[in-house]
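**Q** When you get a sec, could you give me coordinates for this:
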Amino acid sequence: MKTPLQKSRIPEGKAFIIIELIAPFFDVNWHFHSEYQLFTVLKGTGTRFIGDHMQNFKEGDMVLTGPDLPHLWKNDKTYQDPENKKGVHGVVIYFPDNFLLNSVFRLDEFEMIAAMLKKSLRGIEITGKTNQAIREMMIELLHLKGGNSIIHLLKILQVIADSSDCKLIADAAYINTNKESEKDRMGHVYEYVMQNYQGKVTLEEAAQISNLSVSAFSRFFKSRVNKSFSDFLTDVRISHACKLLHETNLNISEISYDCGFYTLSNFNKLFKERIKMTPIQYRREFLQTFAAG
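**A** Here you go, the predicted structure:
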């Protein structure tokens, strides 16, 4: 994985910046930065990491992350091959961590926005009708300038603050204990897992990549991700299994093998532990929900 990029992007004299992302794939670097970030996926699929949480993402995914909350939108492997002509599209807004510290923003009228931004330190996923409304507002904001752009951003934040279509992402106990100097180390580990989870992944190799002993790496990883390396690997594999259950007609044995599980019984056991139903029940429920929709 490349050396993590310096993520402070707001030029001096600007209140915020908005960027339209059109690229072969999203940023491959696991990172965190001092700005708030509102990001929506207009095109693209993959796995999303926010703090200690991981799940699949697709078109429509929208998340507000607070300052110094680690995150990564990792596209599926197929995006790495130019011949697939996949491509991604998204819109991202960055605004500074002191955005509401000016005297005018300490007034009662901004209390709800301030409270919402405080919650974003755990990451906020925005869904439902609010997601659709904010997506349209973000696209409109791309074409606004001057005071109108700031007013429009405040409207976006107020809509989020007023909405019930929002849920917190990272665990309440999650604390970012990562250091700036450790971004590259953690990035290498994420890259190793995401490139190899369908085959053999070992604690020993992950430790070697991190230039740590096995015991030191185990402590390091758990303190940063709030789970053991083994649990993290299993979560990645189960997440991929859910995606295959949604999107393919592969049988359960084929999915088990494709996700790096070499015994069907172990796959079924771990899947039920995490998803609270068997793979067959999960696929059936998804298909029924899809048919109903």
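**Q** Quick check: which ranges of the stretch 151-293 of the chain have low pLDDT?
**A** Counting by pLDDT under 70, the stretch 151-293 of the chain shows low-confidence ranges at 178, 180-182, 289-293.
**Q** Please repeat the previous calculation with a cut-off of 80.
**A** Within the stretch 151-293 of the chain, the segments meeting pLDDT under 80 span 173-184, 287-293.
**Q** ok, which stretches of it are helices?
**A** Remark: helices assigned in the stretch 151-293 of the chain by DSSP state H, counting those that start in this stretch are 183-196, 203-209, 214-225, 229-247, 252-258, 264-275, 279-292.
**Q** Please identify the buried residues of stretch 264-273?
**A** Neighbour counts over stretch 264-273 (16 or more other Cβ atoms under 10 Å) mark 267, 268, 270, 271 as buried. Yep, even glycine has a C-beta here, placed from its N, CA and C like the rest.
**Q** Now render the helices of the stretch 151-293 of the chain as TSV, adding distance to residue 153.
**A** Formatted as TSV, the helices of the stretch 151-293 of the chain follow (distance: least, Cβ to Cβ, whole Å):
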stretch	distance to residue 153
helix 183-196	28
helix 203-209	40
helix 214-225	32
helix 229-247	32
helix 252-258	43
helix 264-275	38
helix 279-292	35
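**Q** To residue 41, which of the ones you listed lies closest?
**A** Across the helices of the stretch 151-293 of the chain, residue 41 has its closest neighbour in helix 229-247 (14.9 Å, Cβ to Cβ).
**Q** And the closest one, what does it pack against?
**A** Here helix 229-247 is seen to pack against strand 46-50, strand 53-57, helix 183-196, helix 203-209, helix 214-225, helix 252-258, helix 264-275, helix 279-292 when contacts are counted using 3 or more Cβ pairs under 8 Å, 6 or more residues apart in numbering; DSSP states H and E.
**Q** Return the most buried member of the ones you listed.
**A** Ranked by average neighbour count under the criterion mean count of other Cβ atoms under 10 Å, those are headed by strand 46-50 at a mean of 22.
**Q** Could you list every helix and strand in contact with that one?
**A** Looks like strand 46-50 contacts strand 53-57, strand 62-65, strand 71-75, helix 229-247 (3+ Cβ pairs under 8 Å, 6+ apart).
**Q** ok, the residue positioned nearest the centre of the chain - contacts?
**A** Centroid-nearest residue in the chain: residue 48, 3.1 Å away (criterion: Cα atoms, centre = their mean). Neighbour list for residue 48: 54, 55, 56, 57, 61, 63, 71, 72, 73, 74 [criterion: Cβ atoms under 8 Å, 6 or more residues apart in numbering].
**Q** Residue 88 is in contact with residue 44, correct?
**A** Yes: Residue 44 lies in contact with residue 88 (Cβ atoms under 8 Å); the separation is 3.6 Å.
**Q** Give me the common contacts of these two.
**A** Common neighbours of residue 44 and residue 88, using Cβ under 8 Å, 6+ apart, are 25, 26, 75, 79.
**Q** quick one on the thing from earlier: could you redo the helices and strands packed on strand 46-50 as TSV and give each row distance to residue 257?
**A** Shown next, in TSV, are the helices and strands packed on strand 46-50 (distance: least, Cβ to Cβ, whole Å):
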stretch	distance to residue 257
strand 53-57	19
strand 62-65	32
strand 71-75	22
helix 229-247	11
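**Q** Of all those, which one is nearest residue 151?
**A** The closest of those to residue 151 is strand 62-65. By Cβ to Cβ, the value is 18.7 Å.
**Q** So which elements touch the closest one?
**A** Packing partners of strand 62-65 (3+ Cβ pairs under 8 Å, 6+ apart): strand 36-43, strand 46-50, strand 124-126, helix 128-141.
**Q** what about residue 231, distance to residue 184?
**A** Distance, residue 231 to residue 184, by Cβ to Cβ, to the nearest Å: 23 Å.
**Q** Please apply the same query to residue 238.
**A** Residue 238 is 27 Å from residue 184, by Cβ to Cβ.
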